[in-house]
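K.L.:
How does the following fold in three dimensions:
(one chain, ligands or ions: 2)
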Amino acid sequence: MWVQGAELKQPLKPTFLCNPLNSNRTRFFTNHYQKRKPFVVVMSMSTKSTAVPIMVNGCNGKMGSSVIMAANSAGLQILPKSFGPEYEAGNTVKVCGNEIKIHGPSERDSVLASLYDEYPNMIVVDYTLPTLVNDNADLYCKVGVPFVMGTTGGDRDRLYKTVDDSKVYAVISPQMGKQVVAFLAAMDMMAEQFPGAFSGYSLHVKESHQAAKLDTSATAKAVISCFKKLGVSFDDQIEMIRDPKEQKELVGVPDEYLSGHAFHFYYLSSPGKTVSLEFQHNVCGRSIYAEGTIDAVLFLAEKIQSKADKRIYNIIDILREGNK
Ligand SMILES: NC(=O)C1=CN([C@@H]2O[C@H](COP(=O)(O)OP(=O)(O)OC[C@H]3O[C@@H](n4cnc5c(N)ncnc54)[C@H](O)[C@@H]3O)[C@@H](O)[C@H]2O)C=CC1
Ligand SMILES: O=C(O)C1=N[C@H](C(=O)O)C[C@H](O)C1
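P.N.:
Ligands and ions are numbered 1, 2, ... in the order given. Take a look at the predicted model:
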């Protein structure tokens, strides 16, 4: 990893962008990256390669296919079966050169049990739908197969309880982008260090995601909970932008990323509106999450091998251990 500083002539507004030119690298830029000299942090994806077998559920979705592409590069073994909707059951799809058979909801249990029998060191990666989170996690826990849950939504308390009760190893994170998670962790530390520091301030939050995203940003909700600990009152709705025309015109999403982006804006203002602070983290494409997911798989494989006592992890655990 290398870090290069550049003189900042305007206040720092952290903006996160995937570097579209190189899927294995990501960059932190100050705001308006096209116009200003960047303050750049470049991180290379882990080069550690191991043939951990993974089953990617939702393999032909945006995240599923990005994970498979990253898994190919990392040398993981992609198992040839995936959960999908009933109407796709029996189809074989080709994802980044891997032929994968889709299995519908009615055959999930037997397919997973026999696959786990054949590949006892397999790990499941789940990027399906918010409505499937709990049913899928229940099944992974029933069979006893470790998993990485990237899918957002569902009943999160129930999810953690199921995994905790089953003692299955899992990484659960609605945000797999390690650099975005680092920002979230910093917010959390700020909230712990300075509870109430923004007492009386009001907050407006705007998020833009591809039109197909069904739920409100889980990341925005996590950032808001930190602001609340800092004393900010937030009884407003998160402003969700799902219309591609607005995405281009209001928040400047590049055309090529209308189908896959995550832009987040947080506007804080003091009582009387004499002080304002703004934060944003903007991601184009899926590679940041796919790379974080591969790191999560490798991390989990190590934890399983070392028979770690702790069973449930998040991306902050991975960031911490990766930085030792
Ligand atoms: N944790 C993270 O960092 C990130 C999480 N996400 C979350 O991942 C999830 C998927 O996102 P995308 O890939 O963008 O969505 P997508 O719509 O492109 O993919 C969804 C996939 O689920 C599959 N699916 C539909 N019905 C199914 C069923 N009954 N059983 C199994 N699979 C079924 C679809 O065939 C498709 O492959 C969403 O919850 C999203 O919020 C997305 C990006 C990053
Ligand atoms: O669906 C997405 O795209 C994303 N979902 C996650 C969320 O809801 O926070 C992470 C990121 O925003 C992309």
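K.L.:
all strands for the stretch 151-300 of the chain, in order.
P.N.:
Remark: strands assigned in the stretch 151-300 of the chain by DSSP state E, counting those that start in this stretch are 170-172, 202-209, 239-241, 261-269, 276-284.
K.L.:
ranking these by burial, who's on top?
P.N.:
Of all the strands of the stretch 151-300 of the chain, strand 170-172 carries the top mean neighbour count, a mean of 25, counting by mean count of other CB atoms under 10 Å. From N, CA and C alone the C-beta is placed, and that goes for glycine too.
K.L.:
Return the residues of the chain in contact with ligand 1.
P.N.:
Residues of the chain found near ligand 1, taking CB under 6 Å from any ligand atom as the criterion, are 57-58, 60-64, 83-85, 105, 127-130, 132, 150-153, 173-177, 212-213, 289.
K.L.:
among the residues you listed, which ones are buried?
P.N.:
57-58, 60-64, 83-84, 127-129, 132, 150-153, 173-177, 213, 289 (16 or more other CB atoms under 10 Å).
K.L.:
and ligand 2, which of the residues you listed reach it?
P.N.:
Okay, of those touching ligand 2 (CB under 6 Å from any ligand atom), that's Thr152, Pro174, Gln175, Lys213.
K.L.:
Thought Arg242 was touching the last one, still the case?
P.N.:
Meaning Lys213. Yes: using CB atoms under 8 Å, Lys213 makes contact with Arg242 at a distance of 6.8 Å.
K.L.:
could you list every residue that touches Ser233?
P.N.:
Counting by CB atoms under 8 Å, 6 or more residues apart in numbering, Ser233 touches Gly200, Tyr201, Ser202, Leu203.
K.L.:
Quickly name whichever of those residues is closest to Asp188.
P.N.:
Leu203 (16.1 Å; CB to CB).
K.L.:
List the buried residues for stretch 312-324?
P.N.:
For stretch 312-324, the neighbour count (16+ other CB under 10 Å) marks Ile312, Tyr313, Asn314, Ile315, Asp317, Ile318, Leu319 as buried.
K.L.:
Nearest residue to Glu99 in space, please, no chain neighbours.
P.N.:
Leaving out its chain neighbours, the residue that sits closest to Glu99 by CB to CB, 6 or more residues apart in numbering is Thr92, at 5.5 Å.
K.L.:
okay, now that neighbour: neighbour count?
P.N.:
Thr92: 9 surrounding residues under other CB atoms under 10 Å.
K.L.:
cool, Lys273 as well?
P.N.:
Residues near Lys273, counting by other CB under 10 Å: 8.
K.L.:
before we move on, what about Glu249?
P.N.:
Quick note: Glu249 (other CB under 10 Å) scores 10 neighbours.
K.L.:
Kindly provide the whole-number mean pLDDT of whatever helix or strand Leu112 lives in.
P.N.:
Element membership for Leu112, per DSSP states H and E: helix 108-118. Helix 108-118 comes out with an average pLDDT of 98.
K.L.:
That helix packs against which elements?
P.N.:
strand 81-83, helix 133-143 (3 or more CB pairs under 8 Å, 6 or more residues apart in numbering; DSSP states H and E).
K.L.:
Deepest-packed of the ones you listed, please.
P.N.:
strand 81-83 (a mean of 24).
K.L.:
Direction included, what does that strand pair up with?
P.N.:
Strand 81-83 sits in its sheet next to strand 98-103 (parallel), going by DSSP bridges.
K.L.:
Pull the distance from the partner strand to the chain's centre.
P.N.:
Mean-position distance between strand 98-103 and its chain equals 23 Å (CA atoms, centre = their mean, to the nearest Å).
K.L.:
Using CSV, write out the CA atom coordinates for that strand.
P.N.:
Output in CSV follows, covering the C-alpha atoms of strand 98-103 (Å, rounded to 0.1, in the frame of the first residue of the first chain):
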residue,chain,number,x,y,z
ASN,A,98,-17.6,-20.8,-15.0
GLU,A,99,-20.5,-23.0,-15.8
ILE,A,100,-23.0,-22.9,-12.9
LYS,A,101,-26.3,-24.8,-12.5
ILE,A,102,-29.1,-22.8,-10.9
HIS,A,103,-31.1,-24.5,-8.2
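K.L.:
Name the surrounding residues that touch that strand.
P.N.:
56, 59-60, 68, 72, 78-84, 88-94, 111.
K.L.:
Which elements pack onto the helix or strand harbouring Val67?
P.N.:
Secondary-structure assignment from DSSP H and E places Val67 in helix 62-74. The contact analysis (3+ CB pairs under 8 Å, 6+ apart) places helix 62-74 against strand 53-57, strand 77-78, strand 92-95, helix 287-305.
K.L.:
Give me the contact list for that helix.
P.N.:
By CB under 8 Å, 6+ apart, the list of residues contacting helix 62-74 reads 23-24, 45-46, 48-49, 54, 56-59, 78, 82, 95-98, 125, 127, 150, 210, 212, 259-260, 285-287, 289-291, 293-294, 297-298.
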